[in-house]
Every structure is written in C-alpha cells, then in structure tokens.
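# no sequence for this one, just the structure:
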C-alpha cells in the first residue's frame, strides 16, 4: 500500500445501496406507474372503482370484492352468475381507464389472476386507444390461455394457468412499433403480435362470456397496474422486498413470479446477526413469494439475515441479491435495504468494529489514522478476514492524547489506494 499527501475516498468505507419500493407490483421502481390498484376497500362493481367502470351484469353482483389470502387482502372477483344466480345468459363488461394517454414509448399492463374452474367463462381483455378499440391482448378460458383473439375466432390456446392459484399476467406494449407480447408467469404465451391502436393506449376493456352450462366459474383479479418502461419483460434480474409483520411473521414478495418448488429450506437459510443459523419455518409459498415465522430474538433491535440461493423467476432470471439483513421491527425492507447493507469501520473509544452486513468475503486492511489539529501524526494497520457468516470484527487500538482517530477499510483485491498523510 502506498501513502501520499492525498485525501482518498475509499469506495468500500461504506456500502449503502438505495432501496426500492412497490412490494405488490412487478415494476418495483423499474418504471413510472400510470395506474395501479390492489382493490383494498373494494366491495361491489355497481358504483365503479378507482378508474374502473362496469356495465351489464357487473351491476347486479357480477363484480364484488372478496379476500382470497393474506398476501392479497381484498381482490376483485368476477362472479359466475350462472352458478350463483341461475342466469342463462349474461356478460360482465368493464373498462379500466389510464389517467393519461400513453402515446409513445413502451408500457406494461400487469395483473394477477386466480381461476376457480378449468372450464370457467371466457375472459377477454382488449387494448383501448384514445380513438380506437385496439387489439385483443389475451383470452382466458378457465385455465387455458392464448394471446389475442376471442374464443369464437381463434381456438389456439397454448398455455395453462394453475388452477386455484395466483398467476401473473404481463402484457408488454411497444406503442412506437405498434406491437405487444403477452407473458404468463414470466413465459411468453406467443410471439410478438400487432397492436392496432389509434391515438395511443388509454385503457383496457374486459369481458366475460359463457358458452354453455358446463362452462362457468369465478375469476379473481388483483394488483392491476400500468407502468411505463424502457425494459422488456425478463430483461432485468428479479428484485424482492421483505415485510416484517406484527404477529412475528415475515413475508418475501418477488417482483416477478418464481418457481415455488425452489422455495424450500434447502435454498433459503435464516440466521441471527451473530451468524448463528436458526430454523426456517415456511408457512406458505406461492409464485410471488413466501411467508415464514420469525424466531424470537434475544433483545429488541436484533437483526436477521436471510439467504436465498438458487431462486429464480419462471422466466429464468436470477435475483438481484441473494442476501438481506433486516431487523425484528415491523416494516418493509428491500433487497437493497437502506442502512443495513454495509461494510464499514466504526470507532468507539479504544475499539474499532468492522461491520459487515453486506456479506463481503475476503481479506482486508483496517487503517487507523491519528489526527492532531487536522494533521495525521501516526497510522496503525490491522489485518482481518471478512466472511459472509460473520457480521462484526472488533480490534483494540491504542489511544494518543489529543488525537482524533479515524478508520478506513481497504480490501485486498483493491490496489493503488491512497491515504491522507503529512
């Protein structure tokens, strides 16, 4: 290591990564939301809802709010009126209006869907232009899915939804090129298709239609949003957020759907701040995340570390980061948790703590400089080895009368580092 009369900002003195947001939606800050709703507080479609307007049977019980699970809270339920009301002919029609017309660039229409029957009523969605009806984007018949046309004009269903489970639908629309592509759980349903819009994208029509008495059933929809983006689906690593609940449980929510078979104690580990591993009790898993219980900590303010390995989206993308350090305090913490992911040195009287909550591994040099009247009069070096399983190293340092101690860290794989010296 060379020392010169130069002040150098060591890049590893503090590793602090900006946090992201929007736990329930896939964009996770990757784009600008034009519209979003999680249907919290939704009761009935009769009077409309937060950008939605309804017609036909929607007004007489065809669209209601109902809870499916704790992850989603209240969802919008498209009700099987044949089964519940004995109706022989009906349609549920509605439209979602985007507050501002998207006239250029690219955007994503996204929502989660939960089918309750393999032969439920057909659900179709159609893009709405400011001066045209646009193109059919997706058609769902029970659990069968296809991009584009309605059931009576196109029978090429080529993908299936899991029954009685949530799936994520993402429709990527390139307004400039006039194309769209539909994805289910990160997998393309079909090749790119033509998007016939006039005047830009202004919303989406949706409609349910039954075929006969054998084909009826309910759908649930949740976390519907439209966001602008310059990034195609599956082009970015999967982000995630962790929420600590007041009932001593925690939930991990992924920005894209992951393979639930990978969510297991083999691929996910939980430990305390001191590195001691503890049992991971997974309560529930799904395509969009998992819920687990938290063991009691020794004292308030204790931190946990969760490690996620071999977790990837159904589109094949890896996680942005496989470790997250979080406290036992109720709240939400991102995979780049602000203030908890760091590698830095702290001085407390005659001791220096090297904090490693970023999971850094490898050798490092702790440099402690002693300053009097702004000038460094002495320097001491200490050598350590960082490990992702050890969050703190403590060094005893000498004290000098009238001197202020300052500490820096230099990792072994960094060269040509400079330190302030007279």
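Yep, that arrived. Bear in mind that the values here come from a model prediction, so they are computed numbers and not experimental data.

# let me see the contact set for residue 41.
The contact partners of residue 41, by Cβ atoms under 8 Å, 6 or more residues apart in numbering, come to 65, 74. The C-beta positions use only the backbone N, C-alpha and C, and glycine is treated the same way.

# relative to residue 49, how far out is it?
Distance, residue 41 to residue 49, using Cβ to Cβ, to the nearest Å: 9 Å.

# how about residue 189, what does it touch?
138, 145-147, 158-159, 182-183.

# closest one of those residues to residue 319?
residue 183 (18.7 Å; Cβ to Cβ).

# which helices and strands sit right next to the helix or strand hosting the closest one?
Following DSSP states H and E, one finds residue 183 within strand 179-184. With contacts defined as 3 or more Cβ pairs under 8 Å, 6 or more residues apart in numbering; DSSP states H and E, strand 179-184 has these neighbours: strand 136-141, strand 144-147, strand 167-174, strand 193-194.

# could you rerun that using 10 Å?
In terms of contacts (3 or more Cβ pairs under 10 Å, 6 or more residues apart in numbering; DSSP states H and E), strand 179-184 is packed against strand 106-115, strand 136-141, strand 144-147, strand 159-160, strand 167-174, strand 193-194.

# Provide the backbone phi and psi angles at the spatially closest residue to residue 352 that is not a sequence neighbour.
Spatial nearest neighbour of residue 352, excluding adjacent residues (Cβ to Cβ, 6 or more residues apart in numbering): residue 395 at 4.6 Å. Phi and psi for residue 395, reported as degrees, to the nearest 10, are phi -120, psi 130.

# wait, isn't residue 395 in contact with residue 364?
No: applying Cβ atoms under 10 Å as the test, residue 395 and residue 364 come out as separate, 11.4 Å apart.

# out of those two, which sits in the more crowded spot?
It is residue 364, of residue 395 and residue 364, that has more neighbours when counted by other Cβ atoms under 10 Å, with 23 against 18.

# can you list the buried residues in the helix or strand where that one lies?
Per DSSP H and E: residue 364 is located in strand 362-372. Judged by neighbour count using 16 or more other Cβ atoms under 10 Å, the buried positions of strand 362-372 are 364-371.

# tell me which residues are up against the helix or strand following the strand holding residue 183.
Helices and strands here follow DSSP H and E; after strand 179-184, the next one along the chain is strand 187-188. Residues from elsewhere that reach strand 187-188, judged by Cβ atoms under 10 Å, 6 or more residues apart in numbering: 147, 159, 170, 172, 181-182, 233-234, 257, 313-316.

# give me the distance between the residue nearest to residue 352 and residue 222.
From residue 395 to residue 222 the distance is 51 Å (Cβ to Cβ).

# same deal with residue 350?
56 Å.

# so these two - more neighbours on which side?
Taking neighbours as other Cβ under 10 Å, residue 350 and residue 222 compare with residue 222 leading, 24 against 11.

# isn't that one right up against residue 167?
No: Residue 222 lies out of contact with residue 167 (Cβ under 10 Å); the separation is 11.1 Å.

# which neighbours do the two have in common?
Joint contacts of residue 222 and residue 167 (Cβ under 10 Å, 6+ apart) are 111-114.

# just the buried subset of the residues you listed, please.
Among those, those scoring as buried are 111-114 (criterion: 16+ other Cβ under 10 Å).

# need the contact list for the closest residue to residue 230 other than its chain neighbours.
Among residues not flanking residue 230 along the chain, residue 106 sits closest, at 6.3 Å (Cβ to Cβ, 6+ apart). By Cβ under 10 Å, 6+ apart, residue 106 lies in contact with 31, 172-177, 179-180, 201, 227-232.

# buried only: go through the residues you listed for me.
Of the contacts of residue 106, these count as buried by 16+ other Cβ under 10 Å: 31, 172-175, 179-180, 201, 227-229.

# specify which member of those residues is nearest to residue 132.
residue 201 (10.4 Å).

# how about that closest one: which residues does it bridge to?
Beta-bridge partners for residue 201, by DSSP bridges, are residue 102, residue 129.

# so what's it up against?
Neighbours of residue 201 in contact, by Cβ under 10 Å, 6+ apart: 34, 98, 101-107, 109, 127-130, 134, 173, 175, 180, 195, 226.

# for PyMOL, what selects the buried ones among these?
With 16+ other Cβ under 10 Å as the burial test, the buried ones among those are selected in PyMOL as follows:
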select buried, resi 34+98+101+102+105+106+107+109+127+128+129+130+134+173+175+180+195+226
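
# which neighbours do residue 395 and residue 364 have in common?
With Cβ under 10 Å, 6+ apart, residue 395 and residue 364 have common neighbours 345, 354, 382-384.

# dump these into TSV; add pLDDT, distance to residue 322 and secondary structure as well.
Below are these laid out as TSV (pLDDT from 0 to 100; distance: Cβ to Cβ, whole Å; DSSP: H, G, I helix; E, B strand; the rest coil):
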residue	pLDDT	distance to residue 322	secondary structure
345	86	25	strand
354	87	22	strand
382	93	29	strand
383	92	28	strand
384	92	23	strand
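
# pull the most distant pair out of these.
Checking these with Cβ to Cβ, the most distant pair is 345 and 383, at 13.3 Å.

# who has more neighbours out of the two?
Shown here are residue 345 and residue 383; by other Cβ under 10 Å, residue 345 has more neighbours (23 against 10).

# who does residue 95 form a beta bridge with?
residue 53, residue 205.

# was I right to think it contacts residue 134?
No: shown here, residue 95 and residue 134 do not form a contact pair, counting by Cβ under 10 Å, at 11.8 Å.

# now do the shared contacts for the two.
126, 128, 202-205.

# coming back round to it: parallel or antiparallel, which strands does the strand holding residue 364 pair with?
For strand 362-372, pairing defined by DSSP bridges yields strand 375-386 (antiparallel), strand 404-411 (antiparallel).

# what pLDDT, on average, does the shortest one get?
For strand 404-411, the mean pLDDT works out to 88.
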